[in-house]
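*Asks:* Okay, structure incoming, though there's no sequence with it:
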């Protein structure tokens, strides 16, 4: 009997930027990187967020694996703005046949 | 002007006439078609070399860059363009650099055909003063052709070029699908990137970066600029705030604003407005006054 080819997991990563540090706050920016090679996501490819909140992503089956820290604001730089503050990394593992 | 301070851009659709657009496309030159084994870099290099657009060192007076009678000279001489540059930069702007941006359709690509990562041009730039980038779209641009993507209101963030590339999509981003002759004037800090071209023709955009030759304060028509005699009520309101007032414009959030740093964006907009109006006491509502009261 022929054996099915072995499958190994590939990671899909979704990065959500939220309006504050709460996971149930609204999504304001996002990115998706698909390690299965099924779809090439790129800058500017979607004007609607994949989920309305971070919590909705959890409910959609995504696993949270990293969240940005809350850091104090250095004296004298309190009003300097740079990168988006509330960054949450999610993943899904999808089996693929190499 | 308040809208430019708040959002970092001014857009004018179909502002350049067909005569200038057609002349510019002729001066930019034909772009070689796709061929088996032909590298995109080579096509680009040949296009730049053949274009009737001058190589120009940074720091020249803008008025001396483009030969009289050329499409770009005519473009800069349009009353609208002269007025915008006078208002934002003052007299005698200084040329920084220019570039002929060409985005190629799928037939030219041997590797992946992808959009450009979102970025802020040049380097980290801590100035309050700002440069202006004029983006000129000489032919119609459809959404399928990609168009330049930009994110209103990002210009006051001090980031390092493509360090923001991880942000694929940002709520409120805009794509320049537009008519021929459309002009987009950007504060140099606005985050932007080229969209992927999925059409069957090349897309051309010409960008000129310029800086002021002196202070940028009160260079526009300020005859109707008035400081309100009385501060308006805030938060506890029984009706909507007056639309179109400077205070309303400077305190209108973008869709991507974080809830806390959105307020810091207001603070930074107010600081830029103070610079442009040469009024170090101006405030929109109480955002800076609250912070500047005598220390306890």
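*Replies:* Everything's here; your move. A quick note: this is a predicted structure, and the numbers were derived from the prediction, not measured.
*Asks:* Can you tell me who the closest residue to chain B within chain A pairs with across the strands?
*Replies:* Closest contact between chain A and chain B, by CB to the nearest CB, is at residue A:31 (3.8 Å). Bear in mind the C-beta positions are built from the backbone N, C-alpha and C, glycine included. Counting by DSSP bridges, residue A:31 is bridged to residue A:15.
*Asks:* tally of neighbours for it?
*Replies:* Residue A:31 has 24 neighbouring residues, counting by other CB atoms under 10 Å in any protein chain shown.
*Asks:* shouldn't it be in contact with residue A:42?
*Replies:* No: between residue A:31 and residue A:42 there is no contact under CB atoms under 8 Å: 9.4 Å.
*Asks:* what is in contact with those two at once?
*Replies:* Shared contacts of residue A:31 and residue A:42, defined by CB atoms under 8 Å, 6 or more residues apart in numbering or on different chains, comprise residue B:168.
*Asks:* Up against chain B, what does chain A have?
*Replies:* A:15, A:17-20, A:25, A:27-32, A:40-47, A:49, A:78-86 (CB under 8 Å from any CB of the partner chain).
*Asks:* run the last query once more with 6 Å
*Replies:* Within chain A, the positions adjacent to chain B are A:19-20, A:28-31, A:42-44, A:46, A:79-82, A:85 by CB under 6 Å from any CB of the partner chain.
*Asks:* Give me the buried subset of those.
*Replies:* A:19, A:28, A:29, A:30, A:31, A:42, A:43, A:44, A:79, A:81, A:85 (16 or more other CB atoms under 10 Å in any protein chain shown).
*Asks:* Any chance of JSON lines for those residues, columns pLDDT and secondary structure?
*Replies:* Shown next, in JSON lines, are these (pLDDT from 0 to 100; DSSP: H, G, I helix; E, B strand; the rest coil):
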{"residue": "A:19", "pLDDT": "98", "secondary structure": "coil"}
{"residue": "A:28", "pLDDT": "98", "secondary structure": "strand"}
{"residue": "A:29", "pLDDT": "98", "secondary structure": "strand"}
{"residue": "A:30", "pLDDT": "98", "secondary structure": "strand"}
{"residue": "A:31", "pLDDT": "98", "secondary structure": "strand"}
{"residue": "A:42", "pLDDT": "97", "secondary structure": "coil"}
{"residue": "A:43", "pLDDT": "97", "secondary structure": "coil"}
{"residue": "A:44", "pLDDT": "97", "secondary structure": "coil"}
{"residue": "A:79", "pLDDT": "94", "secondary structure": "coil"}
{"residue": "A:81", "pLDDT": "97", "secondary structure": "coil"}
{"residue": "A:85", "pLDDT": "97", "secondary structure": "coil"}
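*Asks:* The residues you listed: which two are farthest apart?
*Replies:* Greatest spatial distance in those: A:42 and A:79, 32.9 Å, computed using CB to CB.
*Asks:* separation between residue A:20 and residue A:90?
*Replies:* 18 Å (CB to CB, to the nearest Å).
*Asks:* One more: residue B:168?
*Replies:* In terms of CB to CB, residue B:168 sits 14 Å off from residue A:90.
*Asks:* Residue B:97: neighbouring residues, count only.
*Replies:* Residue B:97 has 15 nearby residues by other CB under 10 Å.
*Asks:* Next: residue B:7.
*Replies:* Every residue meeting other CB under 10 Å relative to residue B:7 is counted, giving 22.
*Asks:* count of neighbours near the nearest residue to it once chain neighbours are set aside?
*Replies:* Spatial nearest neighbour of residue B:7, chain neighbours left out: residue B:152 (4.3 Å); criterion: CB to CB, 6 or more residues apart in numbering or on different chains. By other CB under 10 Å, 21 other residues sit near residue B:152.
*Asks:* Ok, residue B:79 next?
*Replies:* Residue B:79 has 7 neighbouring residues, counting by other CB under 10 Å.
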